[in-house]
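In: quick one: sequence and predicted model below, then my questions.
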Amino acid sequence: MQQLRRFEDYLQERPEPTGIDVICGLKHFSIITYAVPVERFAGMIPDRFAIDIVSINGEDKGLISVVPFIDVDFTSAVYPFPKFTMPQTNYRIYIIDKQTGERCVWFLGTTLDSWTLAVPRYVWQLPWHSAKVSFDCHFDDATELYTKYVMNAQSDWAAASVSLQQTGEEVLSFAGFPNVESALIYITHPLAGFYHRRDGKLGTYRVWHKRLEVKP
C-alpha cells in the first residue's frame, strides 16, 4: 500500500556542485510509466534493493518509466566546459534501498544520440547505449500544451517510438496511490539511482531538480 506523501517533505535545497557534477536543461521531457507484474523483475536487481510495490486492483505491480528528452546546454557544473545539446532516453525501475529505506530508481540504461557517448560509456562505465533519435514536436505557447509530440529512436539496445498529444481535457489520475501528489512524488522525484556498471560493479548517482510541473 503506497503511503500518503507531501512534496514539502521531499524538496531539498540545491547542493553545491563538485567534481564531475553536470548541469543541463531539459526539452520535450516526458515520463511514460508502465505497471508491470512484480515477477517480471525477478533477478534484475541486487538483493540490497526491493521493488517499490504498487497495488492496483488487488495485484502487486512494479513501475518502470521510459523518459525521453533533449539535454540542452549539457555541461560541467564546476569547470569551464563546452555545452552540448543531445537527445536521450532513460529507462528506470522504481525501487527501495533496504539499507537506507530511501525510495530511488534502478537505472537499466539510457540511449544517447551524440558522439560524446564515449565518455559516460567507456570512461565512467555507465550503461549508456548509442541511438539515432528524432523529435518532431509542436508546443503551443498560448495553451502550454503539445499539439504534437513524436519521438523515434533507432537503437540495437532499446528502440523506441513515442506519439503523444494533449487536449487540455485530460485529468491526472494514478491507480494504486492515495492521491495525485503522492503518485507524482513517487514517479517524478526519486533523487538517487543505482545501476550495474559496464564492468559489473554497482554504480550510483544523485540528481537534483525542482518540483516538476507535469501535465497529462
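Out: Sure, I can see it. Since we're looking at a predicted model, the values are computed, not measured. Residues are numbered from 1 along each chain as shown.

In: can you give me the helices in this protein?
Out: 118, 180-188 (DSSP state H).

In: and the ones you listed, which one averages the lowest pLDDT?
Out: Note on these: helix 118 shows the lowest mean pLDDT, a mean of 87.

In: which strand runs longest in this structure?
Out: strand 59-76 (DSSP state E).

In: ok so, going back, columns mean neighbour count and distance to residue 199 on top of the helices of the chain, output as CSV?
Out: For every residue, glycine as well, the C-beta is placed using N, CA and C. Formatted as CSV, the helices of the chain follow (neighbours: other CB atoms under 10 Å; distance: least, CB to CB, whole Å):
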stretch, mean neighbour count, distance to residue 199
helix 118, 11, 16
helix 180-188, 19, 30
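
In: how about those in TSV, adding distance to residue 68?
Out: Converted to TSV, the helices of the chain look like this (distance: least, CB to CB, whole Å):
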stretch	distance to residue 68
helix 118	22
helix 180-188	14
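
In: can you name every helix or strand that the helix or strand bottoming out on mean pLDDT in the chain contacts?
Out: In the chain, the helix or strand scored least confidently by mean pLDDT, DSSP states H and E is strand 22-27, which has a mean of 82. If you count contacts as 3 or more CB pairs under 8 Å, 6 or more residues apart in numbering; DSSP states H and E, strand 22-27 packs onto strand 59-76.

In: next, give phi and psi for the residue in the chain sticking out farthest from the centre.
Out: Distance to the chain centre peaks in the chain at residue 142, reaching 27.5 Å (criterion: CA atoms, centre = their mean). Here is the backbone geometry of residue 142 (degrees, to the nearest 10): phi -70, psi -40.

In: mind listing what it touches?
Out: By CB atoms under 8 Å, 6 or more residues apart in numbering, no residues touch residue 142.

In: likewise residue 156?
Out: By CB under 8 Å, 6+ apart, the residues touching residue 156 are 129, 130.

In: need the phi and psi values for it.
Out: phi -70, psi -30.

In: which residues in the protein form strands?
Out: Using DSSP E, strands in the chain cover 22-27, 32-37, 49-51, 54-56, 59-76, 84-97, 103-112, 128-130, 132-140, 145-154, 160-164, 192-196, 202-206.

In: so which of the ones you listed is nearest residue 10?
Out: Residue 10 lies closest, by CB to CB, to one member of these: strand 103-112, at 9.3 Å.

In: quick check: angle from that closest one to strand 160-164?
Out: In terms of direction (axes from the mean of the first three to the mean of the last three CA atoms, to 10 degrees), strand 103-112 departs from strand 160-164 by 110 degrees.
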